[in-house]
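Asker: sequence and predicted structure below; questions after.
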Amino acid sequence: MAPNARSVLTALKRITPFTLETLATGHGPLLRFNIPEVTRRYDTWSQKQAQAEAAVVVFYVSDYGYSDRIAQAIAHGLTKGGVAVEMLDLRTADLLEVQETVQRVQGLVLCPPPTESTHSQAVLGSIFAAVQDKQRIGIFESYGNQESPSQILVNQLVDLGLTLAFPTLKVTQDPTPALYQTCEESGTDLAQVLMLKQTIQKSKAVAPDLDKAMGTLVGGLYIITARRGDIQTAMLASWVNQASFNPPGISIAVAKDRAIESLMHPGDSFVLNVLAEATYPPLMRHFLKRFKPGEDRFAGVKTYTATHGAPILADALAYLECRVVSRMETNDHWLVYGVVESGDVSDSEGLTAVHYRKVGNHY
């Protein structure tokens, strides 16, 4: 419920005067027991999300194309990056609430409304009146009965001093899982930009001696690859360890804002590609690149397919095919435990590439 945290808090305030017998949440079973504890937890979770250091408002249009679903995917990507999200329907949003919200947030994501909706056009006017210089914007276009003028909207907002956060997302047919993944990655990219200053400040807050001590921890260099349906992605990793003998298992720390995180839930499969000391630089440089949302991570990279479909890097020293069994949440990473189901070595004489750090506050 993170993208709706402020709406949840508003709803909790409205029901405070009443004696509650049943909660019908709309996203689960009817709740008739332990209601005070349930509402307390909703309040705690929502307060935490609403107090995030950066916030973005996502405007969508209900019952128009796939606007609401796309908006939720973008919002999920934003929350993965630690950004608070508010979602407002252009068809029903209160004009004063729109102005107050736009003036308070650091970014906006907007779907051009249908021209025949008088209220939506009025909301759009309120947005134009309230936006501020240096706010980040993202535009997604979900075609309904007619094409929406997304480029005109982008030009208008850029002229008002806003900065485009990601390329306009245009949906012209039924969305696919790959499209939703692209939307999520677009939201995460925006979150990373908005949180950059806070991330740097937090890294500098670590005591210098502790920072150096943490930097003495050494890890290998690996490429994690995963695939689900038409979606495939990869990331460079160094926080990898063997975690069990029987069955053989490994643990991987995956940052919450990584694209691959959504493909590493219990039941998912992935490949751990071990990089070789003698040949790792080209692969490391390739996967260190900042990829655009939806961009093919494997373009120009020689691969073949694992049993479960994930790419295996042909130039890797070795590979392990793994299945996610469980994962544990830490402050900024997921600790993923996977059982190793198969693997092979391409060069039995080769050595694993090693990653040495000078400090422990970043990779």
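Answerer: Right, received. Where do you want to start?

Asker: who's sitting farthest from the centroid in this structure?
Answerer: The outermost residue of the chain relative to its centre, with distances by CA atoms, centre = their mean, is Glu349 at 39.0 Å.

Asker: what residues are up against the residue nearest the centre of the chain?
Answerer: Centrality entry for the chain: nearest residue to the mean C-alpha point is Gly77, 3.0 Å, by CA atoms, centre = their mean. Neighbour list for Gly77: 183-191 [criterion: CB atoms under 8 Å, 6 or more residues apart in numbering]. Yep, even glycine has a C-beta here, placed from its N, CA and C like the rest.

Asker: same thing but at 7 Å, please
Answerer: Residues counted as contacts of Gly77 (CB atoms under 7 Å, 6 or more residues apart in numbering) are 183-188, 191.

Asker: how about residues contacting stretch 191-200?
Answerer: Outside of stretch 191-200, the residues within contact range by CB under 7 Å, 6+ apart are 53-54, 77-78, 80-83, 106-107, 136, 165, 257.

Asker: likewise for stretch 259-271?
Answerer: Contacts of stretch 259-271 (CB under 7 Å, 6+ apart): 80, 181, 184-185, 188, 224-226, 228, 231, 233-235, 254, 306, 308, 310-312, 319-327, 334, 336, 338.

Asker: one more time with 8 Å
Answerer: Among residues not part of stretch 259-271, those counted as contacts by CB under 8 Å, 6+ apart are 80, 181, 184-185, 188, 224-228, 231, 233-235, 252, 254-255, 291, 306, 308-312, 319-327, 334, 336, 338, 341.

Asker: how far away from the center of its chain is it?
Answerer: With CA atoms, centre = their mean, to the nearest Å as the basis, stretch 259-271 stands 13 Å off its chain's centre.

Asker: in it, what counts as buried?
Answerer: Along stretch 259-271, these residues count as buried under the neighbour rule (16 or more other CB atoms under 10 Å): 259-264, 268-271.

Asker: for that stretch, measure first residue to last.
Answerer: End-to-end distance for stretch 259-271, by CA to CA, to the nearest Å: 15 Å.

Asker: cool, and stretch 355-363?
Answerer: The distance separating the two terminal residues of stretch 355-363, taken as CA to CA, comes to 9 Å.

Asker: got it, and stretch 302-314?
Answerer: By CA to CA, the extent of stretch 302-314 from end to end equals 6 Å.

Asker: kindly report the same for stretch 89-100.
Answerer: For stretch 89-100, the end-to-end distance is 15 Å (CA to CA).

Asker: again, but for stretch 252-266
Answerer: End-to-end distance of stretch 252-266: 13 Å, with CA to CA as the criterion.

Asker: same thing with stretch 293-311?
Answerer: From start residue to end residue, stretch 293-311 stretches across 19 Å - CA to CA.

Asker: run the chain-centre distance for it.
Answerer: Using CA atoms, centre = their mean, the distance between the centre of stretch 293-311 and that of its chain works out at 20 Å.

Asker: give the contact list for the residue lying closest to Phe140 once chain neighbours are set aside.
Answerer: The shortest distance from Phe140 to any residue other than its chain neighbours is 3.9 Å, reached at Leu169 (CB to CB, 6 or more residues apart in numbering). Contacts of Leu169 were listed using CB under 8 Å, 6+ apart, and they are 70, 74, 138-141, 182-183, 186.

Asker: list the buried residues for the one helix or strand in the chain whose mean pLDDT sits lowest?
Answerer: None of the helices or strands of the chain scores lower by mean pLDDT, DSSP states H and E than helix 196-204, at a mean of 80. When neighbours are counted by 16+ other CB under 10 Å, the buried residues of helix 196-204 are found to be Thr199.

Asker: is it true that Pro293 lies in a strand?
Answerer: No - under DSSP: H, G, I helix; E, B strand; the rest coil, Pro293 falls outside any strand and is assigned coil.

Asker: how many neighbouring residues does it have?
Answerer: For Pro293, the number of neighbouring residues by other CB atoms under 10 Å comes to 20.

Asker: what about the closest residue to it other than its chain neighbours, neighbour count?
Answerer: Setting aside the residues directly before and after it, Pro293 is nearest to Glu185 in space (CB to CB, 6+ apart), at 3.9 Å. The local packing count at Glu185 equals 25, with neighbours defined by other CB under 10 Å.

Asker: Arg297 is in contact with Glu185, correct?
Answerer: No - under the criterion of CB atoms under 8 Å, Glu185 is not in contact with Arg297, lying 10.9 Å apart.

Asker: out of the contacts of Gly77, flag the one nearest to His355.
Answerer: Within the contacts of Gly77, the smallest distance to His355 is 23.5 Å, found for Thr188 (CB to CB).
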